[in-house]
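Student: Here's my sequence, what's the structure:
(2 chains)
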Amino acid sequence: MSGSKEFETIVYTSWQKFHDGNMNAIDDIYPELMPFCLRICSRTCGRYIDDGDEEASIARMSIIEAFEHYEPDKGHILGYLGRVIHNRIIDYKRSQKRTQMLRLDDLNQRHLDDEQIEALVEEMARSEEIKRFKAILNSFSIEFAELVSSSPRQKKTRDTAKKIAVLIAENQELKTYLLEKRKLPAKPLEEKYRQDRKLIDRYRKYILAAALIRIYDLRQLKEYIWTNKGGTDRG
Amino acid sequence: MAKARGVVLESNNGYSTILMEGGQYIKINRTMQIGQIYQQEYQYKKFLLAAAAVLVFTLLAAVDFFHVVAYANVSNGIEIGVNRWNRIIKVETLKTDVKTSAEYSALKGKKLEEAVPALVKDALPADDDQAEVTIQVNSGKQNGAKLEAKLIEKIESSVEEEFNIQDQGKGKADAQDKNSIRIKLKNDQKEKQDRPRDKIKPDNENNRPAYQAGKGSKDKQNSFDNKDRAAKKGSAKREAD
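Tutor: The predicted structure is shown next:
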C-alpha cells in the first residue's frame, strides 16, 4: 500500500503549508488531488463524474473546507477529505429535495470509512501506473486491445511466455537490444537461449509487454502477471 | 464461490480491458474506471452448459448405439440385431432347440463379421456334411438395400476367411434376393455330378466349402426344406458307401 502512503504524505505536507499560511498550497496540489476527489464523487453518486459536473464544483469547495477544518487528531487527511466531499455531495442531493444541510460534526455517522478511502487512493495509484504503462506500450506501437488477442489462452503457454519475458528483463544484452531496437530479440532468444521461435513470434506482443513491466518495475501490474493464483484459463 | 481478480487497464464504448491475475488480458462488456479492481465470478454457466452438452451427446450416442438398423436371420432360428456400426446389440432365438439368447450374450458388442463364423458353426449340424446355412439380412429403413448389400458383403468376407472359400465357389446373387446368402460346406452337387463326393472338413485344403448367393428364403420354411433334402442326400451317400 505504498501508493496511498506516498499520496497521503504529499497531501499532508500541502496541508501543513496551508496551515502555516501558504494560500497557494492548495493550488500546487490541486492537479494531484482533483482526480481523487472526482473518484469520491463517482463513488457517492454511483456514476462517472466529470470535471465539468456540478458535483466536481462541490468537491473543489470541499477541499478548501477540509483544509481549513482538518486537525491531525481527526485521522488521516485523505480520509477526512473523502468524508467531507462525500457528505457535501449528499447534502447537495438532499438540498435538491429541499432538506436541511448537515453539519461537519455529523461526519462520523457516515458510511464512507478510511478503508474505502484507502482503497480509492490505491486505485488512483494503480491508475497512474497504468497510464505510464500505456505510454511505454505506445512507444512500441502496442495497444491494450492487442494484448487481449495476443494473450496465450493456455496457462502452460502463458507461463512459458512469462519466463521468456523474465529472461529478457534480467539479461543485460537482451534488455539493451529490446530498448534500443524497440523489438523483441527473437534471434538471440532462439539461437543462444534455445527458446521456441514459434512461441516467440506468436505471442510477441504479450512477451514484450510483460518484459517492459519488469524492466520499468511497474509493481502493481507485476503483481497481477506474476501471481500464483493463475487467473482464468480459456480453451 | 471462486473469484478471479483483475485490474482495469482501459475502458471506453462500453468495453473494458482487464489484466487478470495470472497474466491473461481479457475484454468485458462493462464500463469501469481505470485502476479499478474487477472480480470475475466463477463461470458456472459455461461449466453447466458444457456439462449439459456432454450429457446430451452421451445420451444421443447411447440411443444411437442401441438402435437396430438391420436384422440378420440365421436359418437355425437365431436373429441378431445390428447397429449402424455393424455391432451386434440384440440376439434372439426364434426356436427352442437352439442355444438361448443368454448363451449368445457374449456376442453382444462384437462386430458382425466376428460373430457370424461362430453363428454359422453353431448352425451347421455336426453329423451332416451337406448341411447349409442361410443368412438373410433385412433393414427396416426406406433405402435399406444399400445397407443390406453392405452387410451381406461383410458376412461373405468373414465366412470366406473362416472356411477357406475359393472365389470360383461363389455363385452370382439372384437379382431378386440380394439380401441373403446361403453357405454350404460341400461343393454344389449340380455343378459336379460326375466327381466322387468328398468329405469336406473346414480345415482340410481339399475341402473347399462353397457358397453361392442364390435365392434367399423369403420365409424360413424354404431353407428348412433345403436342409431336409441335404439330410436325405447325406443318408443316400452313406448307403452308397
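Student: in chain B, which spans are strands?
Tutor: With strands called from DSSP state E, chain B shows them at B:4-12, B:15-20, B:25-28, B:37-40, B:70-74, B:78-82, B:88-93, B:132-139, B:180-184, B:211-212.
Student: Could you export those strands as TSV, including mean pLDDT and mean neighbour count?
Tutor: For glycine as for every other residue, the C-beta is placed from the backbone atoms N, C-alpha and C. Supplementary listing: those in TSV, determined by pLDDT from 0 to 100; neighbours: other C-beta atoms under 10 Å in any protein chain shown:
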stretch	mean pLDDT	mean neighbour count
strand B:4-12	92	20
strand B:15-20	94	23
strand B:25-28	95	18
strand B:37-40	88	14
strand B:70-74	86	22
strand B:78-82	88	21
strand B:88-93	87	18
strand B:132-139	81	23
strand B:180-184	70	25
strand B:211-212	38	20
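Student: what about the helices in chain B?
Tutor: Remark: helices assigned in chain B by DSSP state H are B:44-65, B:112-123, B:144-163, B:220-240.
Student: Next, the angle from the longest one to strand B:88-93.
Tutor: To tie it back to what came earlier, the one meant is helix B:44-65. 40 degrees (axes from the mean of the first three to the mean of the last three C-alpha atoms, to 10 degrees).
Student: now check helix B:44-65, is it near chain A?
Tutor: No: with C-beta under 8 Å from any C-beta of the partner chain as the criterion, chain A is not reached by helix B:44-65; the gap is at least 9.8 Å.
Student: between the helices of chain B, which gets the lowest average pLDDT?
Tutor: Mean pLDDT values for the helices of chain B show the minimum at helix B:220-240, a mean of 49.
Student: Residues of chain B that sit close to chain A?
Tutor: Counting by C-beta under 8 Å from any C-beta, chain B comes close to chain A at B:4-10, B:17, B:19-27, B:31, B:33-37, B:40, B:43.
Student: average pLDDT across the top helix by length along chain A?
Tutor: Assignment by DSSP H gives helix A:114-139 as the longest helix of chain A. Computed over helix A:114-139, the mean pLDDT rounds to 86.
Student: From the chain's centroid, how far away is it?
Tutor: Centre-to-centre, helix A:114-139 and its host chain are 1 Å apart (C-alpha atoms, centre = their mean, to the nearest Å).
Student: by contact count, what packs against that helix?
Tutor: With contacts defined as 3 or more C-beta pairs under 8 Å, 6 or more residues apart in numbering or on different chains; DSSP states H and E, helix A:114-139 has these neighbours: helix A:2-19, helix A:25-45, helix A:77-96, helix A:204-215, helix A:219-225, strand B:4-12.
Student: Quick one: distance of the second one to the chain centre.
Tutor: Think helix A:25-45. The answer for helix A:25-45 is 14 Å, by C-alpha atoms, centre = their mean.
Student: is it true that B:Gly35 touches A:Met124?
Tutor: Yes: in terms of C-beta atoms under 8 Å, B:Gly35 counts as a neighbour of A:Met124; the distance is 6.5 Å.
Student: Who are the contact partners of A:Leu120?
Tutor: By C-beta atoms under 8 Å, 6 or more residues apart in numbering or on different chains, the contact set of A:Leu120 is A:36, A:39-40, A:43, A:82.
Student: burial measure for B:Ile34, as a count.
Tutor: Neighbourhood size, B:Ile34 [other C-beta atoms under 10 Å in any protein chain shown]: 19.
Student: Sketch out the low-pLDDT regions of chain A for me.
Tutor: A:1-3, A:97-112, A:228-235 (pLDDT under 70).
Student: hmm, try it at 80
Tutor: A:1-5, A:46-48, A:96-118, A:120-121, A:124-125, A:227-235 (pLDDT under 80).
Student: So which bits of it are right by chain B?
Tutor: Applying C-beta under 8 Å from any C-beta, we find that chain A lies next to chain B at A:39, A:42, A:48, A:123-131, A:133-134, A:144-145, A:147-148, A:150-153, A:155, A:158, A:162, A:206, A:210, A:220-221, A:224-227, A:229-234.
Student: mind checking how far the residue of chain A positioned farthest from its centre is from chain B?
Tutor: Note on chain A: the largest C-alpha distance from the chain mean falls to A:Glu191, namely 38.8 Å (C-alpha atoms, centre = their mean). Going from A:Glu191 to chain B by C-beta to the nearest C-beta, to the nearest Å gives 26 Å.
Student: residues contacting that residue?
Tutor: A:Glu191 neighbours (C-beta under 8 Å, 6+ apart): none.
Student: Ok, A:Leu137 next?
Tutor: A:143-144, A:209, A:212.
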